[in-house]
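Chemist: got a predicted model here, sequence first, then my questions.
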Amino acid sequence: MNITIVEVSRSHEECIYSQVLFLTSAGHKVSLLLHEALEPQVATYWHLCEQLSLIRPVAQGLLPKWQQQRKTAKILEKQDVVIFNTASSSKFVRNLCLLLLHKQVLCLGVLHHGNKLMGSFTQKVISLKIKRYYVLSDHIKKQLTPKQDTYITSFYPIFFPDNHQYMEKPPNEIWISIPGRIDATRRDYDTLLKTLAKTQRKSKLKFLLLGKLDRERITDNNLMEQIEKLGLQDFFICFDHFIPNKEYHAYLKSSNLVMPLLKEEENYLRYKISGSFNLAYAYQKPLLCKQFFATIGDLNENAIFYTADNLAQVLEGIGEGSLDVPNGYQNPKWEFNRQKEQYLSLLKV
C-alpha cells in the first residue's frame, strides 16, 4: 500500500522512525509529509521513504491557510492510507479530516494524550474520519473505552537509527540522563538540587540535562543560578545549544540510568507518557522515578523508585553500587517483531 505519515507540528518526530521501519519492512511504500522544522531530524532515515514533502506554515490569513489545507488534502486523498503522527489538538488536522471525510483514503492517528477521546470537540470532529487510533503504551490503552466504531491499539516508538556513536564516559562516573527540554513547570529540579546539596561533593554521579539550557530564558537562568549558588556544578553536564540527534542518542546509549524527573501529575498515570520513558525503553536503561509512578506496569518492571525523603539514600546506593538495579526488559513485547506486529494490526481491522 501507499502510505503517508503526516506531522503538521514541530513535535513528536521521535515517533516517526519506528513507524517507517514497521511499514517499510512489511513491504509498504511510505512517504513523509512533515512540518519543515523536522527536516534536519529525519535526515538520517528519510531515504527509506518514497518521498519527503515539507509543510511551510502560513503565518496569516484564513484564505491562504484554507488553500494550503485543500492542497494538502488533494495530495493525501490519492494515498491508500494516511497516518497522522499527531492526531489531536490541531485545526490543521481537523480540517484535513473534514476534507478527506468522504474520500476512500483510510486515516489512522497517533494520540499522545488518550483523554482527548473523552470530550474534546476538535477530537470528535477528527474522529468523524479517524476510527483507528494508536496510543503510546499498553497502560494508556487499558484506561480507554472506545466507542463501538473506534479501534485502539498501542505501540512503543522505541526504535531509532543506529548511528554507531557513543560518548566516551570516564570509567569512574555514573551518568544519569534527564532527557527533554529544560522545563521547571514539568520537572522537579528543586527536589534533586536540595538532595544533592546534602550530598558529598566527591561523587561518581553526573546528571546530564539533555536539552538546551538557554540562559536568555528566565526559567533556564534561574535553574543555573540555583546550581551555581549551591555549588553543584560538578554534578551536572549541561548544553547551551540544541543537541543534534546523533549526539543526543549517543549520550543516552552511554548513560547508566534515565531520570524523567517529572512532577506528580495524574494524567501520567492514565492518559499520557513522557518521552523519557520511551527513550529509556529504547536503550533498555533502568529508570529512576518517583514512587508516584510505581503503578505504571512498564516502569514497575524497569525502574528504581524514590521519594523526596529517601532520594539521598537511593543516589548514595547507586553511587556505591550497593543498590539493586532492575534487570528488566525481559518481556518479549520490547522486541522489534512484536512491536511491528502490534502496530500493523490496526491496518488489518
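Modeler: That came through, no problem.
Chemist: tally of neighbours for Leu33?
Modeler: Look at Leu33: counted by other C-beta atoms under 10 Å, it has 21 neighbours. Quick note: C-beta positions are derived from backbone N, CA and C, even for glycine.
Chemist: what does Ile176 give?
Modeler: 21.
Chemist: let me see the contact set for it.
Modeler: By C-beta atoms under 8 Å, 6 or more residues apart in numbering, Ile176 lies in contact with 205-208, 255-259, 288, 318.
Chemist: by neighbours, which of the residues you listed wins?
Modeler: For the contacts of Ile176, the largest neighbour count, defined by other C-beta under 10 Å, is 30 neighbours, found at Val258.
Chemist: what residue ranges in the protein are flagged as low confidence?
Modeler: Counting by pLDDT under 70, the chain has no low-confidence residues at all.
Chemist: what segments of it are strands?
Modeler: Here the chain has its strands, by DSSP state E, at 2-7, 29-35, 51-55, 81-84, 106-110, 132-135, 151-154, 174-179, 205-212, 236-239, 257-258, 287-290, 303-306.
Chemist: roughly how far does the closest residue to Ala37 other than its chain neighbours sit from Ile178?
Modeler: Computed as C-beta to C-beta, 6 or more residues apart in numbering, the closest residue to Ala37 that is not its neighbour in sequence is Arg10, at 4.5 Å. Distance, Arg10 to Ile178, using C-beta to C-beta, to the nearest Å: 21 Å.
Chemist: the more surrounded of those two?
Modeler: Neighbour count, other C-beta under 10 Å: between Arg10 and Ile178, Ile178 has more, with 23 against 13.
Chemist: for the more buried one, give the beta-bridge partners.
Modeler: Counting by DSSP bridges, Ile178 is bridged to Leu209.
Chemist: the longest helix anywhere in the chain: how far from the chain's middle?
Modeler: Scanning the chain for the helix with the most residues, using DSSP state H, yields helix 62-76. Distance of helix 62-76 from the chain centroid (C-alpha atoms, centre = their mean, to the nearest Å) equals 28 Å.
Chemist: just the CA coordinates for that helix, please, in PDB.
Modeler: Taking C-alpha atoms only, helix 62-76 is exported to PDB below (Å, rounded to 0.1, in the frame of the first residue of the first chain):
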ATOM      1  CA  LEU A  62      -7.700  32.400   6.800                       C
ATOM      2  CA  LEU A  63      -7.900  32.100   3.000                       C
ATOM      3  CA  PRO A  64      -4.200  31.200   2.400                       C
ATOM      4  CA  LYS A  65      -4.400  28.700   5.300                       C
ATOM      5  CA  TRP A  66      -7.600  27.100   3.800                       C
ATOM      6  CA  GLN A  67      -6.000  27.000   0.400                       C
ATOM      7  CA  GLN A  68      -2.900  25.200   1.800                       C
ATOM      8  CA  GLN A  69      -5.100  22.700   3.600                       C
ATOM      9  CA  ARG A  70      -7.200  22.000   0.500                       C
ATOM     10  CA  LYS A  71      -4.000  21.500  -1.500                       C
ATOM     11  CA  THR A  72      -2.600  19.100   1.200                       C
ATOM     12  CA  ALA A  73      -5.900  17.100   1.300                       C
ATOM     13  CA  LYS A  74      -5.700  16.700  -2.600                       C
ATOM     14  CA  ILE A  75      -2.300  15.100  -2.100                       C
ATOM     15  CA  LEU A  76      -3.400  12.800   0.700                       C
END
